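Next one to model:
(chains A and B, ligands or ions: 2)
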Amino acid sequence: MTPSKDSGSKLIIGNGKILLEGDIDKYSVPDLWKRYHQIEDLQNIEQVDLSKAGLLDSAGSIFIEQIAIDIKQANNLDKPYTELITNYNDDQGHTLKIFSQSKLEDSKPVKPESFFEKIGSNVIDFGRSLFDAMVLAADIFYWAIVGIWKKKGARKGSFTQQSLLIGLEGVPIVAVLSIIIGFILALQAAAQLRMFGAEIFIADMLGYAMLTEMGALITAIIVSGRSGSSIASEIATMKVSEELDALKMMSINPIRYVIVPKFYAMTVCMPLLVVMSIIVGIFGGLLIAVFYLNLSPSAFYNQLINVLTFKDFITTMIKSTFFGWAIVIIGSFYGLQVEGGAEGVGKATTFSVVTSIFTVILIDVVFSLLYLP
Amino acid sequence: MKEKKPLIRVKDLVAKYGETTILSDINVDILENEVTVILGSSGCGKTTLLKNILQLQKPASGSIEVFGEDLTTLSENEYEEILKKIGVLFQNGALLNSVNIFENISIPLEQHTKLPPEIRQKIIEVKLGLVNLSHAIYLKPSELSGGMKKRAALARAIALDPVILCCDEPSAGLDPLTSADLDKLILNLKNQLRMTVLIVTHELASIHRIADKIIFLDQGSMLFNGTIEEARKANIEQIDAFFEVGSF
Ligand SMILES: Nc1ncnc2c1ncn2[C@@H]1O[C@H](COP(=O)(O)OP(=O)(O)O)[C@@H](O)[C@H]1O
Ligand SMILES: [Mg+2]
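Numbers count the residues shown, from 1 in each chain, chains lettered A, B, ... in the order given. Ligands and ions are numbered 1, 2, ... in the order given. Sure thing, here's the model as predicted:
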């Protein structure tokens, strides 16, 4: 059954021709190809002789044609290359004809882009996407504000449903991770502070870090992964299955109907989740302060309220609202961009998570610079 | 005219999903250089029969001989050698969505041969030319329409010049014109490449256009096996009903 490794096919040069012997097929062509490329000079060779050739298949006939094309070029022959192939029987002629490349020459496929073209078009695409995302953001804000007064065309009960999904279901994971991070932050700092006998400052360090940075950042990253991805995949699935088009045909604005409820829910839930994250994180640190550094909870508390300022709190709330908006907008953007069936949905989801985490950190940088203490 | 050899012999095949018997006592020979159509209403087990023949599902009992070898007893390597000579066009095309058409067709060539890249490139171009899809070579499957996907999948199925081509409902979900085109294409390729073709379909139009033989499945057993004329004369109620629907 197995075709022998040595197919017994040969390529012989002489008398101004290349003689092919044996079956010329996908099994023998790799060796014949090597042999053919050892030929240094195609000058004065004017034929491919098939008189001793056996069975041909597509690989074989393409190989034979290639030789003929090369010969024609090397010798500047006037004849069409097909005439350089000689002494074939009817069967072989038939195969050569089916798999001939000559029929292909008029169709010009789109070549894949070169490396630099790819970079170039990526840059252009990025600019265009950024613009599209801005337009989408404007649309969402518009419908979100209009929607406060006009209730027609909104989905009933969807705000509550989305709030549960984005807010309540996110509580456990945000809480667990916040307490762990508060705990670790405190633990790392505790050892250092102890060396200076400055244990009490753990409250300052922790309170400030959780309030201004960590709480909002942890929450935003978790929400990007949980809700951002689900927003993107939900909208992408709707797009792919033509649900969004169906909505449009019923004169319902998809942004209004699908995205705005998520936007509202995020606007409400994100700050609440952040507040919870801050409190739980500080509690995690408190455990270290009490059990590892032997501080009293009341001393910790007194120190803590000294560092926490109302201004920082408001800044963080504003910042986390921006985080939430970015996550909704980016998720929706990638969801709406999706093209081409099921595998597009997965891509949209991945892109949305990566981009929203990146954007969250970018917004964080901007806020840090704006509100430099 | 010389006697045609059977390329596929199905003997006493029984196919089950769990405890449910889907097919029982299937005995059939698929002859060389013929188009055999597996026919029957939706859900009667056509795809199951095809998958059992290809060993994508293990038969509950019975044997499948392809090129005279019993597939149920072959080793992995021997089975792969057989696979090189079989091209399959799946019901939904089953193109790999993450790579373009060129690479989709390149995969079987790279897997089963050691052909140099230059020749491989040409083979892919020629095969796409045969299904009239030259312009789509560097497109992704998601950028093609349903009919184009089927044709691209057909190009992949014939990448290795198979001796046997199996198609599962090639025309399902296509408009009558595109489906007729695809039928013509398969028939044309069969004649040009001298393939043996096994097609699953329940489209009457296709059957008249391309079938040499038909296998009629009904409720898990084979009601009939022979030419269309024989089928008409056989006076089998279900088959008559089947032909009646499409004959107005
Ligand atoms: N994976 C599966 N598990 C259980 N039953 C199946 C499975 N696939 C198909 N079936 C059953 O097998 C029968 C035949 O299916 P199939 O061969 O796909 O039919 P068709 O003739 O339409 O191609 C059907 O009744 C179907 O319900
Ligand atoms: Mg089926």
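
what's residue B:25 in contact with, if anything?
The neighbourhood of residue B:25, defined by CB atoms under 8 Å, 6 or more residues apart in numbering or on different chains, consists of B:12, B:13, B:14, B:221, B:222. Backbone N, C-alpha and C define where each C-beta goes, glycine included.

Can you flag which of those residues belong to strands?
B:12, B:13, B:14, B:221, B:222 (DSSP state E).

ok so, going back, pick out whichever of the contacts of residue B:25 sits closest to chain A.
Closest to chain A out of the contacts of residue B:25 is residue B:13 (22.6 Å), distances taken as CB to the nearest CB.

Could you report the neighbour count for the closest one?
23 (other CB atoms under 10 Å in any protein chain shown).

Need the single longest helix in the chain, by residues.
As the question left the chain open, I've gone with chain A. Identified as the longest helix of chain A according to DSSP state H is helix A:115-149.

meant chain B, my bad for not saying
Longest helix in chain B by number of residues, with DSSP H as the criterion: helix B:176-193.

measure the residue of chain B positioned farthest from its centre to residue B:96 for me?
The centre of chain B is farthest from one residue, residue B:118, which by CA atoms, centre = their mean lies 29.4 Å away. Taking CB to CB, to the nearest Å as the measure, residue B:118 falls 23 Å from residue B:96.

how close does residue B:211 get to chain A?
Residue B:211 is 23 Å from chain A, where distance means CB to the nearest CB, to the nearest Å.

Just list whatever residues bridge to the closest residue to that residue other than its chain neighbours.
In space, and not counting its chain neighbours, residue B:211 is closest to residue B:37: 4.2 Å by CB to CB, 6 or more residues apart in numbering or on different chains. Listed by DSSP bridges, the beta-bridge partners for residue B:37 are residue B:199, residue B:214.

pLDDT wise, what is residue B:37 at?
You'll see residue B:37 listed with a pLDDT of 91.

So which bits of chain B are right by ligand 1?
Listed as neighbours of ligand 1 in chain B under the rule CB under 6 Å from any ligand atom: B:17, B:22, B:40, B:42, B:43, B:44, B:45, B:46, B:47, B:48.

re the thing from before, is any part of the longest helix of chain A close to chain B?
No. If you take CB under 8 Å from any CB of the partner chain as the test, helix A:115-149 misses chain B, and the best it gets is 12.9 Å.

related to what we said a few turns ago, for the longest helix of chain B, name the packing helices and strands.
helix A:90-98, strand B:35-39, helix B:146-157, strand B:164-168, strand B:196-200, helix B:204-210 (3 or more CB pairs under 8 Å, 6 or more residues apart in numbering or on different chains; DSSP states H and E).

Tell me which of those approaches residue B:71 most closely.
Counting by CB to CB, residue B:71 lies closest to strand B:164-168 out of the helices and strands packed on helix B:176-193; the figure is 12.2 Å.

Just give me the neighbour total for residue B:120.
A count of nearby residues for residue B:120, using other CB under 10 Å, gives 21.

who touches it in this structure?
B:106, B:109, B:110.

Please tabulate those in a markdown table, including the columns distance to residue A:169.
Below are the contacts of residue B:120 laid out as a markdown table (distance: CB to CB, whole Å):
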| residue | distance to residue A:169 |
| --- | --- |
| B:106 | 45 |
| B:109 | 49 |
| B:110 | 46 |
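
just checking: which of the residues you listed also lie near chain A?
Among the contacts of residue B:120, the residues that sit close to chain A (CB under 8 Å from any CB) are residue B:109.

do you know how far the residue nearest the centre of chain B is from ligand 1?
The centroid of chain B falls nearest to residue B:166 when counting by CA atoms, centre = their mean (1.7 Å). Distance, residue B:166 to ligand 1, using CB to the nearest ligand atom, to the nearest Å: 13 Å.

Does that residue touch residue B:52 like I think?
No. The criterion here is CB atoms under 8 Å, and residue B:166 misses it with residue B:52 at 11.7 Å.

residues contacting whichever residue of chain B sits closest to chain A?
As assessed by CB to the nearest CB, chain A sits closest to residue B:142 within chain B, at 2.6 Å. Residues counted as contacts of residue B:142 (CB under 8 Å, 6+ apart) are A:339, A:340, A:341, A:343, A:344, B:97.

Same list (those residues) but as TSV, adding pLDDT and neighbour count.
Formatted as TSV, the contacts of residue B:142 follow (pLDDT from 0 to 100; neighbours: other CB atoms under 10 Å in any protein chain shown):
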residue	pLDDT	neighbour count
A:339	78	13
A:340	68	15
A:341	72	12
A:343	77	16
A:344	84	19
B:97	77	18
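
Helices - which of these land there?
Of the contacts of residue B:142, the ones assigned to helices by DSSP H are A:341, A:343, A:344.

Could you find the closest non-adjacent residue to the last one?
In this case it means residue A:344. Closest residue to residue A:344 apart from its sequence neighbours, by CB to CB, 6+ apart: residue A:338 at 4.3 Å.

residues near that neighbour, how many?
Quick note: residue A:338 (other CB under 10 Å) scores 24 neighbours.

So in terms of bridging, what pairs with the residue nearest to the centre of chain B?
Counting by DSSP bridges, residue B:166 is bridged to residue B:88, residue B:198.

contacting residues around stretch A:228-245?
Contact with stretch A:228-245 is made by A:165, A:254, A:258-259, A:262, A:327-328, A:330-332, A:334-336, A:338, A:341-342, A:344-346, A:348-349, A:351-353, A:356, as judged by CB under 8 Å, 6+ apart.

Buried ones among the residues you listed?
A:165, A:254, A:258-259, A:262, A:327-328, A:330-332, A:334-336, A:338, A:344-345, A:348-349, A:351-353, A:356 (16 or more other CB atoms under 10 Å in any protein chain shown).

Name the residues of the longest helix of chain A that are buried.
For helix A:115-149, burial by neighbour count (16+ other CB under 10 Å) applies to A:133, A:136, A:137, A:139, A:140, A:143, A:144, A:147.

hang on, the earlier thing: kindly write the PyMOL command that selects the buried subset of the contacts of residue B:25.
To isolate in PyMOL the members of the contacts of residue B:25 that are buried, counting by 16+ other CB under 10 Å, one can use:
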select buried, chain B and resi 13+14+222
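
Restricting to the contacts of residue B:25, which residues neighbour chain A?
Restricting the contacts of residue B:25 to those near chain A - CB under 8 Å from any CB - leaves none.

Any figure for the gap between the closest residue to residue B:168 other than its chain neighbours and residue B:202?
With sequence-adjacent residues excluded and distances taken as CB to CB, 6+ apart, residue B:168 is closest to residue B:91, at 4.3 Å. To residue B:202, residue B:91 is 12 Å away according to CB to CB.

shared neighbours of these two, anything?
By CB under 8 Å, 6+ apart, the residues touching both residue B:91 and residue B:202 are residue B:169.

Output the ones in strands among the contacts of residue B:25 in TSV, with pLDDT and distance to residue B:161 appended to each entry.
Below are the ones in strands among the contacts of residue B:25 laid out as TSV (pLDDT from 0 to 100; distance: CB to CB, whole Å):
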residue	pLDDT	distance to residue B:161
B:12	92	32
B:13	92	28
B:14	93	33
B:221	88	35
B:222	89	30
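
before we move on, the earlier item: so which of the ones in helices among the contacts of residue B:142 is the closest to residue A:211?
For the ones in helices among the contacts of residue B:142, the nearest to residue A:211 is residue A:344 (40.4 Å; CB to CB).

for that closest one, what are its contacts?
Applying CB under 8 Å, 6+ apart, we find residue A:344 in contact with A:236, A:240, A:338, B:142.

Now, those residues that are in strands?
Among those, no member lies in strands (by DSSP E).
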